[in-house]
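**Student:** I need the structure of the sequence given here:
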Amino acid sequence: MLRQNDIIEFLQNNRHDIALKFNLSKIGLFGSFARNEQNEESDIDILVEFKPETNDIYNKKSNLKALLTKEFHREVALCREKYIKSYAMGVIQNEVIYV
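**Tutor:** Modelled structure (predicted):
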């Protein structure tokens, strides 16, 4: 079964390339995988933020989601920090593992 360490290791090993290709300023894991509470049906929750000068964020986000889904053979939910409600962000900030 896929584990938190597998995801973190992939993100760390590919951090530079992913950040360049998708113009990211931050990427982190949160949700059930960050808490080690995942099961076979859990999706992977990824928190991202793009650099301010990023163009075509929709396509970059879609392509990053496709890359991670292909890598992990699991549904991936990408969330941008700036669009998370303040009440949810407090919970997420306590569990997010940035790479």
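
**Student:** contact partners of the helix or strand bottoming out on mean pLDDT in the chain?
**Tutor:** The helix or strand of the chain with the poorest confidence is helix 86-95; it has a mean of 89 (mean pLDDT, DSSP states H and E). Residues outside helix 86-95 that contact it (C-beta atoms under 8 Å, 6 or more residues apart in numbering): Phe30, Gly31, Ala34, Arg35, Leu47, Glu81, Ile84. Quick note: C-beta positions are derived from backbone N, CA and C, even for glycine.

**Student:** for the protein, what's the longest helix?
**Tutor:** Longest helix in the chain, counting residues (DSSP state H): helix 57-72.

**Student:** Tell me the gap between the helix or strand that that helix is followed by and the middle of its chain.
**Tutor:** Counting by DSSP states H and E, the next helix or strand C-terminal to helix 57-72 is strand 76-80. From the chain centre to the centre of strand 76-80 is a distance of 6 Å (C-alpha atoms, centre = their mean, to the nearest Å).

**Student:** 9 is where my numbering starts, stick with that
**Tutor:** In the new count, where the first residue is 9, that last one comes out as strand 84-88.

**Student:** in its sheet, what does strand 84-88 sit against?
**Tutor:** Using DSSP bridges, strand 84-88 pairs in its sheet with strand 52-58 (parallel).

**Student:** Tell me what angle the strand it pairs with forms with helix 94-103.
**Tutor:** Following axes from the mean of the first three to the mean of the last three C-alpha atoms, to 10 degrees, one obtains 110 degrees for the angle between strand 52-58 and helix 94-103.

**Student:** got a list of contacts for strand 52-58?
**Tutor:** Strand 52-58 is contacted from outside by 15, 30-42, 65, 68-69, 72, 76, 80, 82-90, 92, 100, 104, using C-beta under 8 Å, 6+ apart.
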